[in-house]
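**Student:** Quick one: sequence plus predicted model below, questions after.
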Amino acid sequence: MDICGPISPTSRGGNKYVFQLIDGYSHMRFIYLLKSKSESFGKFIKFQIFAENQTGKQIKTVVSNNGGEFINSKFQELFLKKGIIHQPTAPSTPQQNPISERGNHTLFEKVRVMLHDYQVPSEWWGEACAMATFILNRTPTAAISFQTPISRWSSLATNLSNLHPFVCLAVMHFPKERQTSKVNPTGVLCMLVGLTEAHHNYRLFNPVTRKIHVSHDCTFLDAAPALESSESAAILGGSEITPVVDLACDEFAAPVLSPSPVFSSPILPAGGPQSHHPSFSPQEANSEELEAVMPPNDKTSSLPKGWTYDVVPVIPPSNISSKISEENVVCGKRDRRPPACFAGVFINNTPGLYHDALRLDSAKKWIVAIQNEFASLERHSVLEEVPYNGSIRLLNTVWVFCEKTDSSGNPVEAKARLCVKGFLQVENLDFHETFAPTGRLSTLCFLLGYCAANDLDLHQMDVKTAFLHGDLDENLHICVPEGYTSSLKGDICLKLKKSLYGLKQSPRNWYLCIKRLFDDSGF
C-alpha cells in the first residue's frame, strides 16, 4: 500500500491524496481519496473488512513505505492484534515496494491522458482515478501470466461490455413515472465520468443541473462526433458550487463546481449532438461593424506623436535582362576533390531475393547456402509439416543472403537465412513479451579487469544459429518457403516448434534458453 500526494489542485471533493492498496496475488487495485494522510487508518480498516469478507482469507503481510502515516501506534496496534506482518521499506528506498510505486506511476499515466485528451479540468482527477482503476483491474498483465486482476480476485470472467470512453456523450433516459407527456423529452444528454462496481451502473454528469447521476438505462452515442476539448472544458469547469447526488463514495458526494448552464435545453437534438457555437454568416455584419473590431495598424500606432508615413510608389526597373552574361560567371578557386568514401565502394553481388540468387552466375554457392539452412532447421527440429485447412493464420517468410569476407575483403562464405516477416505479427496474438537483456560495455570491462587482476583465463565463444535453440510458446505457422521440398501431398503449411529469425520474441526466447543453462549450472 502507498499514498500518493499531495495532488494539486484538490479534487472536486476537496481531496489531496490517493491511498492505493494492491493485492500481491491478483494485483487487484483499490483506491481511496483522502483529504489528509491521517484518514488512511480508517480507510485501511474498511478495506480489511471488505477484502477478508469477499475472499474468506485474512491479510497476512502488508508492505508500505516508512512514512509516519503507517508507522504509528494505530497501525502497529492493529497489526499486532491481527497477527499481520508489517514490512516497511528503508528510508528513501522505494524499490523495496515496487508493486505500489509502479502502481502509482501506471495509474497517473492513465489519469493524465484521460484529463488532457479533452482538456477536462484538473479538479476531475478523482473521477479519472476511479475510471483508470476500473480499467486497470480488467487489463491483462504479464505479472500474473496475462490474466486480469479481477478474474484472479473473484474467479469471474472479465466483462468489458459496459466500458466506454471517459467523458463520452450518453443519453440518460428518464424513468417512466417522470414521462408524463407524449411530447416531452424522454432523456437528457450527459457525459460519462465513471462506472460503479454494483450492477454495472454508469455515473453520468448532467451539464444542466450540474449533478452526477447513477443510471443503468442510458444510450451511448458512440457514432456521434465527440465534443471538442474546449467544449468539454467549458461543460465540466465552473466557479459556482451546487450539491450533487449523494452516493456511497465520499469523493463523489462532494460539491461540484458549476458555471452558468452551457446547454440551453436538456433535450437531445434529433440529428445527434450538435455544436454549441453560434452560427455566423457574412450578411449579419456590415463593413462598419467589421471596422470596429479590426485591430489597429501596428506601424501607425507605434509612431511618435506628430509623425506620419510618406507613401512612395515603387516602380520596378525595366532595363533588366533575364539573360546571364558569360563574362559575369566566375569559377571558384577551391580545389574540388572527389570524396574519399568513394574509394570504399565496391560492387555488391549479394542477391536480394530468392529468384535473384538463382539467376546469378554464382547461383551454385547460394543454392548450397539455402540447403545448409534447411539442414540446420531440420537438425534443431524447428519446422513441422501440417495440413493447411484454410483457417490457420500464416506468417510470410523471406530469404536473407549475405557473403562473409576476410580482412582483405575477399569472399569467404555464402550464407542464407530464412527469416519470418515479424512486422506482420499481432501483439497478444502472435507474441507477448519481447524484452531481452544484452551485455553492457561496463560489464565487459569489469570482467576483463577481474580476469587480469586474478590471473584467470578468459574464453570467447560464438553460438551458431542461436535463435534456433529458443523454445516457442505461441502456436505459429508459416507459409512454405521458396526452395522447400515437402514430403506431404496437398496443401500444407509449416508449424514453428522453435524460434526463427525475424520473430519479435526470438531474442527473448534465446535469452530464456541461455538463462536456464546458467541457472542449472549454478550461476
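**Tutor:** Yep, it's here. Computed from a predicted structure; not experimentally measured.
**Student:** pLDDT of stretch 365-376, averaged?
**Tutor:** Mean pLDDT, computed over stretch 365-376, is 90.
**Student:** Need the contact partners of it.
**Tutor:** Residues outside stretch 365-376 that contact it (CB atoms under 8 Å, 6 or more residues apart in numbering): 351, 354, 357-358, 360, 399, 401, 414-418, 465, 468, 483-484. The way it works is simple: take the backbone N, C-alpha and C, and place the C-beta from them, glycine included.
**Student:** can you pull the contacts of F467?
**Tutor:** Neighbours of F467 in contact, by CB under 8 Å, 6+ apart: S499, L500, Y501, L503, S506, P507, N509, W510.
**Student:** picking up where we left off before, weed out the non-buried ones from the contacts of stretch 365-376.
**Tutor:** With burial judged by 16 or more other CB atoms under 10 Å, the buried subset of these is P351, Y354, A357, W399, F401, A414, A416, R417, L418, L468, G483, Y484.
**Student:** Next, the buried residues of the host helix or strand of the fifth one.
**Tutor:** Under the criterion of DSSP states H and E, F401 resides in strand 397-405. By neighbour count, with 16+ other CB under 10 Å as the criterion, the buried positions of strand 397-405 are T397, W399, V400, F401, E403.
**Student:** Is it possible to get JSON lines of those residues that adds distance to D519 and pLDDT?
**Tutor:** Shown next, in JSON lines, are those (distance: CB to CB, whole Å; pLDDT from 0 to 100):
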{"residue": "T397", "distance to D519": "33", "pLDDT": "92"}
{"residue": "W399", "distance to D519": "36", "pLDDT": "92"}
{"residue": "V400", "distance to D519": "33", "pLDDT": "91"}
{"residue": "F401", "distance to D519": "37", "pLDDT": "91"}
{"residue": "E403", "distance to D519": "38", "pLDDT": "85"}
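**Student:** Buried residues in whatever helix or strand L444 lives in, which are they?
**Tutor:** For L444, the host element (DSSP H and E) is helix 441-453. Judged by neighbour count using 16+ other CB under 10 Å, helix 441-453 contains no buried positions.
**Student:** got it, and stretch 425-433?
**Tutor:** The neighbour-count check on stretch 425-433 (16+ other CB under 10 Å) flags Q425, D430, F431, H432 as buried.
**Student:** now the strands for the stretch 401-523 of the chain?
**Tutor:** Using DSSP state E, counting those that start in this stretch, the strands of the stretch 401-523 of the chain run over 411-420, 477-478, 492-496.
**Student:** what's in contact with the shortest one?
**Tutor:** If you take CB under 8 Å, 6+ apart as the criterion, strand 477-478 is touched by 383, 386, 392-397, 420, 493-496, 500.
**Student:** State the mean pLDDT of that strand.
**Tutor:** 91.
**Student:** Same check on the first one?
**Tutor:** What strand 411-420 shows for mean pLDDT is 88.
**Student:** any idea how far that strand is from the chain center?
**Tutor:** Put simply, strand 411-420 sits 37 Å off its chain's centre (CA atoms, centre = their mean, to the nearest Å).
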